[in-house]
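Colleague: here is a sequence with its predicted model. Questions after.
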Amino acid sequence: MSASKSNPPIASATTPKPQPRNGASASPSAPTGLTYREAGVNIDAGDEVVDLIQPVLKRTHSSRVLGRHGAFAGMFQLDFDKKSMRRNYKRPVLVACTDGVGTKVLMAAERRVYDTVGIDCVAMNVNDLIVQGAEPLFFLDYLGLSKLQPAETSAMIEGVARGCEIAGCALLGGECAEMPDIYKPGDFDIAGFCVGVVEYDNIIDATRVKKGDVLIGLESSGVHSNGYTLVRRIVRDAGLDMNAKYPQLASTLGERTLCDILLEPTRIYAKSIVKLVERFRKRKAISAMAHITGGGLPGNVCRALPKTLDAVIDLSSWTPPAIFLFLQTHGGVESAEMLRVFNMGIGYVVIARPDCAQSIMKRLIKSGENPTIIGVVEKGSGEVRFK
């Protein structure tokens, strides 16, 4: 069974719904053999989810979304003439990306927390997309699970919709796939697909970066959505209690359980960065950007550098959230490995012209971010160095 969140399941539109076995139906020709539901897939539950999420999707829509709920595909108007919302493009370039949440979903499934990984899914996509200077336009998600429980599935999609609201993009639809032969009971996976747009002349890439540019780090909300295979191994091997409130974490992260801290959704930087790029577009003040995901600062900032320059990052310029030292201590993980796996408190980096750095910082603070100058660009070979 494949139940789309924007499209009703194909089976429900073209074939009769399963009837009770052993002639219980009023129809004398009702099937009496094995049913799809008995094989593990409930089409009716898929229909229920489609109905439940209709208002959730509409909450993310603007006048640029066309078509009706239940169509076979979503439609989004790129250019439109409404004077109050004119956004016509001269040379538009579409930007697209896809990503998932990784093994963080296993932790969420074990704890039966379903409403946060949807935000993570949106974040992992839109935070990548805005690096090129693009504005996120619309999002679709894919949810694969063992058993479609309407309340739990709707909570997952509610999280996706919330993420889209934070990012400022429309949730056009997606797919729910109930596959008990692939996923064991209680398991699920979620992935997303995002499309954005940028003017050709406004594309941001490594070619803009110059010696003397500064690195501005934007605070993360925690571990985000990378390194959870290691996180789960540390929790298991150290015998940590996910329901406990550890004193080492309480001083900076509050009276929260370890579960709450580790399942904190990935921060979405889209609205802040889109506004920033537009504000400083004419001044070309932003040289490049990087989303700090798997590979940490060394594995992602290098992707924003030309082969002739290095980023020199001062590790004393910020204090990583307590959760990282907590994991490092309980797991016996080397500092270099921590930097290679986790964001260490910096979820996004803006590389900017030095004379505009303070103005950019003020604009980011106004947008609700907590920026810090963490380094500078020097001559090199396209690598990240720490001091």
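Modeller: Nice, thanks for sending it over. Numbers count the residues shown, from 1 in each chain.

Colleague: and the spatially most central residue of the chain, what does it touch?
Modeller: For the chain, the residue nearest the mean C-alpha position is Ala123 (2.3 Å; Cα atoms, centre = their mean). With Cβ atoms under 8 Å, 6 or more residues apart in numbering as the criterion, the residues that contact Ala123 are 163, 167, 224-225, 265-268. Heads up, the C-betas are built off the backbone N, CA and C, glycines and all.

Colleague: got the confidence number for Gln253?
Modeller: One correction, residue 253 is Leu, not Gln. On the pLDDT scale, Leu253 is placed at 81.

Colleague: got a list of what it touches?
Modeller: 261, 321-323.

Colleague: per the record, what domains does this protein have?
Modeller: For the chain, the structural domains run 2-17+33-67+87-202, 206-386, going by automatic domain parsing.

Colleague: show the average pLDDT along the first one.
Modeller: Think domain 2-17+33-67+87-202. 82.

Colleague: which one of the contacts of Leu253 sits closest to Ala288?
Modeller: Pro321 (25.3 Å; Cβ to Cβ).

Colleague: tell me, how many neighbours does the closest one end up with?
Modeller: 21 (other Cβ atoms under 10 Å).

Colleague: Gly133 versus the nearest residue to it once chain neighbours are set aside, what's the distance?
Modeller: Among residues not flanking Pro321 along the chain, Gly345 sits closest, at 5.1 Å (Cβ to Cβ, 6 or more residues apart in numbering). From Gly345 across to Gly133, the span is 25 Å (Cβ to Cβ, to the nearest Å).

Colleague: ditto for Leu315
Modeller: 28 Å.

Colleague: now do Lys271
Modeller: For Lys271, the distance to Gly133 - Cβ to Cβ - is 14 Å.

Colleague: out of those two, which sits in the more crowded spot?
Modeller: Gly133 (24 against 19).

Colleague: for the domains of the chain, which one sits closest to Leu78?
Modeller: domain 2-17+33-67+87-202 (6.6 Å).

Colleague: alpha carbons only: can I get the helix or strand containing Ile373 in PDB?
Modeller: Ile373 belongs to strand 371-379 when elements are defined using DSSP states H and E. Extracted in PDB, the C-alpha atoms of strand 371-379 (Å, rounded to 0.1, in the frame of the first residue of the first chain):
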ATOM      1  CA  PRO A 371      26.300  34.400  15.800                       C
ATOM      2  CA  THR A 372      30.000  34.400  16.700                       C
ATOM      3  CA  ILE A 373      33.100  35.100  14.700                       C
ATOM      4  CA  ILE A 374      34.900  31.800  14.800                       C
ATOM      5  CA  GLY A 375      37.700  32.200  12.300                       C
ATOM      6  CA  VAL A 376      39.300  33.800   9.200                       C
ATOM      7  CA  VAL A 377      40.300  32.800   5.700                       C
ATOM      8  CA  GLU A 378      44.000  32.500   4.900                       C
ATOM      9  CA  LYS A 379      46.200  31.200   2.100                       C
END
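
Colleague: touching it from outside, list them.
Modeller: Outside strand 371-379, the residues touching it (Cβ under 8 Å, 6+ apart) are 209-219, 287, 305, 308-314, 317-318, 346, 349-351, 357, 360-361, 364-365.

Colleague: again, only this time at 7 Å
Modeller: 209-218, 308-314, 317-318, 346, 351, 357, 361, 364-365 (Cβ atoms under 7 Å, 6 or more residues apart in numbering).

Colleague: same question for stretch 349-360.
Modeller: For stretch 349-360, using Cβ under 7 Å, 6+ apart, the contacting residues are 209, 212-217, 276, 280, 283, 285-290, 292, 301, 304, 373, 377.

Colleague: list the buried residues for that stretch?
Modeller: Across stretch 349-360, burial judged by 16 or more other Cβ atoms under 10 Å covers 349-353, 356-357, 360.

Colleague: and that stretch, end to end?
Modeller: 12 Å (Cα to Cα, to the nearest Å).

Colleague: could you number the chain from 62 rather than 1 from now on?
Modeller: Okay, using 62 as the starting number, the last item reads as stretch 410-421.
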